[in-house]
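In: give me a model of this one.
(2 chains)
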Amino acid sequence: GAVVSQHPSRVICKSGTSVKIECRSLDFQATTMFWYRQFPKQSLMLMATSNEGSKATYEQGVEKDKFLINHASLTLSTLTVTSAHPEDSSFYICSARQGAGRGGTEAFFGQGTRLTVV
Amino acid sequence: GNSVTQMEGPVTLSEEAFLTINCTYTATGYPSLFWYVQYPGEGLQLLLKATKADDKGSNKGFEATYRKETTSFHLEKGSVQVSDSAVYFCALRSNQAGTALIFGKGTTLSVSS
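Out: Model (predicted):
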């Protein structure tokens, strides 16, 4: 299957700093990318959907000024957690898909990033 | 709105036991249904999928049938192995363009030899 690479896999940062997470589709063009957050022993919660070249659509309750998403190319999306606080500590997962609806590909997932804010 | 409900875990089985993980969904229209697996320390991988009613998805000995009348997509395997130990997520996606997967809470499966 297609490969989605997410980097870094783990990051520890100080409270108040910003952290950037990259998500790359290595062998296909990702028309749409999704960012999820996974809390311990809970499901993946969708944070935002981004289409290449346009602004991301955020889910209700997700602060767009805190979680900055950029999808500048068909192979790269970034999530920047600004002014991180300990409550932002979580597992963040990106997903990429080519096309839309039934005609699109399945969603491929990155390996996830474990963010710890101290 | 759309949602997925799957059975609470953890599920603990002995090797070669039969596995069922229940999943039901709420959705308008005809969503596509998926099972994803997350092995320890790894990202999610698609295990199987079904895109219309009565379709059966299968892979690696796992099966699930899209039942519209009961809005269910239960995961089954006849004989589990230790290597099947992982977290299993049921998910759906509506057929609207650009929509994301909606996941259940995940079920942890632990298989002992």
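In: how near is A:Phe34 to A:Phe28?
Out: Look at A:Phe34 and A:Phe28: by Cβ to Cβ, to the nearest Å, they are 15 Å apart. Any C-beta I mention is one placed from the backbone N, CA and C, and that applies to glycine too.
In: hang on, I meant A:Pro40
Out: 31 Å.
In: circling back: pick out whichever of A:Phe34 and A:Phe28 has more residues nearby.
Out: A:Phe34 (26 against 18; other Cβ atoms under 10 Å in any protein chain shown).
In: any idea how many residues pack against residue 7?
Out: In the absence of a named chain, chain A is used. 13.
In: try chain B instead
Out: By other Cβ under 10 Å, neighbour count at B:Met7 equals 17.
In: quick check: it touching B:Gly106?
Out: No: applying Cβ atoms under 8 Å as the test, B:Met7 and B:Gly106 come out as separate, 10.3 Å apart.
In: pretty sure A:Arg97 contacts A:Thr31?
Out: Yes: at 6.5 Å, A:Arg97 counts as touching A:Thr31 under the criterion of Cβ under 8 Å.
In: between the two, point out the one with more neighbours.
Out: Legend: neighbour count by other Cβ under 10 Å for A:Arg97 and A:Thr31, higher for A:Arg97 (25 against 19).
In: just the strands from the chain, written as ranges.
Out: If you meant another chain, say so; for now it's chain A. A:4-7, A:10-13, A:19-25, A:32-38, A:44-51, A:57-58, A:67-73, A:76-81, A:90-97, A:108-109, A:113-117 (DSSP state E).
In: hmm, I had chain B in mind actually
Out: B:3-6, B:11-14, B:19-21, B:23-26, B:32-38, B:44-50, B:56-59, B:62-65, B:75-77, B:86-93, B:102-103, B:107-112.
In: list the strands paired with the shortest one, with their directions.
Out: What it means is strand B:102-103. Strand pairing for strand B:102-103, using DSSP bridges, gives strand B:86-93 (antiparallel).
In: where does the nearest residue to B:Asn59 once chain neighbours are set aside land on pLDDT?
Out: Nearest non-adjacent residue to B:Asn59, counting by Cβ to Cβ, 6 or more residues apart in numbering or on different chains: B:Leu48, 4.5 Å away. What the model reports for B:Leu48 is a pLDDT of 96.
In: quick one, what contacts B:Leu48?
Out: By Cβ atoms under 8 Å, 6 or more residues apart in numbering or on different chains, the contact list for B:Leu48 reads B:Phe34, B:Trp35, B:Gly57, B:Ser58, B:Asn59, B:Phe62, B:Glu63, B:Ala64.
In: mind doing that once more with 7 Å?
Out: Residues counted as contacts of B:Leu48 (Cβ atoms under 7 Å, 6 or more residues apart in numbering or on different chains) are B:Trp35, B:Gly57, B:Ser58, B:Asn59, B:Phe62, B:Ala64.
In: quick check: residues of chain A near chain B?
Out: Counting by Cβ under 7 Å from any Cβ of the partner chain, the residues of chain A close to chain B are A:32, A:34, A:42-44, A:46, A:49, A:51, A:93, A:100-102, A:106-107, A:109-112.
In: how about 6 Å then?
Out: A:32, A:34, A:42-44, A:46, A:49, A:100-102, A:106-107, A:109-112 (Cβ under 6 Å from any Cβ of the partner chain).
In: top of those residues by neighbour count?
Out: Counting by other Cβ under 10 Å, top hit in those: A:Leu44 with 29 neighbours.
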